[in-house]
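Visitor: Below are the sequence and a predicted model for it; my questions follow.
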Amino acid sequence: MQIILASNNQHKIDELSAILSSFGLPISLISQKTWFKGNPPEIEETGSTLEENALLKAKALFEMTSLPVIADDTGLEVYALDNAPGVFSARYAGDHGNDVANRRKLLHEMNGISERSARFRTVLHFLNDETSMSVDGVCEGKITTIEKGDNGFGYDALFIPDGSSMTFAEMDAMTKHSMSHRARACHALGRTLAAYVKGNS
């Protein structure tokens, strides 16, 4: 089964592919960028929740390709900021995907705030012509006062997961995959897809 991943973010594609491959499922992931030969469609994220955005992207790509789709939306929810940036995490500073500007804005907004608890949450939605299902994964942690680490992407250099002394950006991929929000959502999706494939085999 070939599944299109509704993302152009190579970091997400690599992470999801690595985790799903561990389930031994007869599937292969292909990015929308690859499918559309370097000219992927812009799907506007107009939902007010992560769940709405993931479903919106899944439906849009399924209508264009008729292939099974996995779509995700991820948000960093900082409790002291009333769960901001949340659904606006990728465009917190204005421009979509400007990770540097987003991190700078978050550090500015958190300046002088001692309560720095936060959580990352990822919602994954699988859609084909037979089923539509959603799973999520959560990782609790805290926001640092300075950036730490050169790995990862997004807010990884500012987030220390509970039980660790390192930010996601200080971890190697294997360590991050063992605890990240996206990894937890992907494992949940892998279990769900495994049951689905078994039931339809």
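Guide: Arrived safely. Numbers count the residues shown, from 1 in each chain.
Visitor: Off-centre distance for the lowest-mean-pLDDT helix or strand in the chain?
Guide: Sorting the helices and strands of the chain by mean pLDDT, DSSP states H and E puts helix 10-21 at the bottom, at a mean of 77. Helix 10-21 sits 10 Å away from the centroid of its parent chain (C-alpha atoms, centre = their mean, to the nearest Å).
Visitor: Show me which residues of it are buried.
Guide: For helix 10-21, the buried set under the neighbour-count rule, 16 or more other C-beta atoms under 10 Å, comprises 12-13, 15-17, 19-20. In short, each C-beta sits where N, CA and C put it, glycine included.
Visitor: same deal with stretch 174-192?
Guide: Residues of stretch 174-192 classed as buried under the neighbour-count rule (16+ other C-beta under 10 Å) are 176-177, 179-190, 192.
Visitor: quick one: least confident of those residues?
Guide: Lowest in pLDDT among the buried residues of stretch 174-192 is His177, which has 82.
Visitor: any idea how far the nearest residue to that residue once chain neighbours are set aside lies from Val138?
Guide: Closest residue in space to His177, ignoring its immediate chain neighbours: Ala183 at 4.7 Å, by C-beta to C-beta, 6 or more residues apart in numbering. As judged by C-beta to C-beta, to the nearest Å, Ala183 and Val138 stand 11 Å apart.
Visitor: Quick one, grab the pLDDT at Ser178.
Guide: So Ser178 comes in at 86 (pLDDT).
Visitor: give me every residue that touches it.
Guide: Residues near Ser178 by C-beta atoms under 8 Å, 6 or more residues apart in numbering: none.
Visitor: Output the contacting helices and strands for the strand or helix carrying the residue nearest to His177.
Guide: Assigned by DSSP states H and E, Ala183 belongs to helix 181-199. With contacts taken as 3 or more C-beta pairs under 8 Å, 6 or more residues apart in numbering; DSSP states H and E, helix 181-199 sits against helix 10-21, strand 69-78, strand 117-127, strand 132-143.
Visitor: where does the protein have low pLDDT?
Guide: Filtered on pLDDT under 70, the chain yields the residue ranges 201.
Visitor: Quick check, central residue of it?
Guide: The residue lying closest to the centre of the chain (C-alpha atoms, centre = their mean) is Thr74, at 4.2 Å.
Visitor: Quick check: that one vs Asn9, distance?
Guide: For Thr74, the distance to Asn9 - C-beta to C-beta - is 10 Å.
Visitor: buried stuff in stretch 96-103?
Guide: 99, 102-103.
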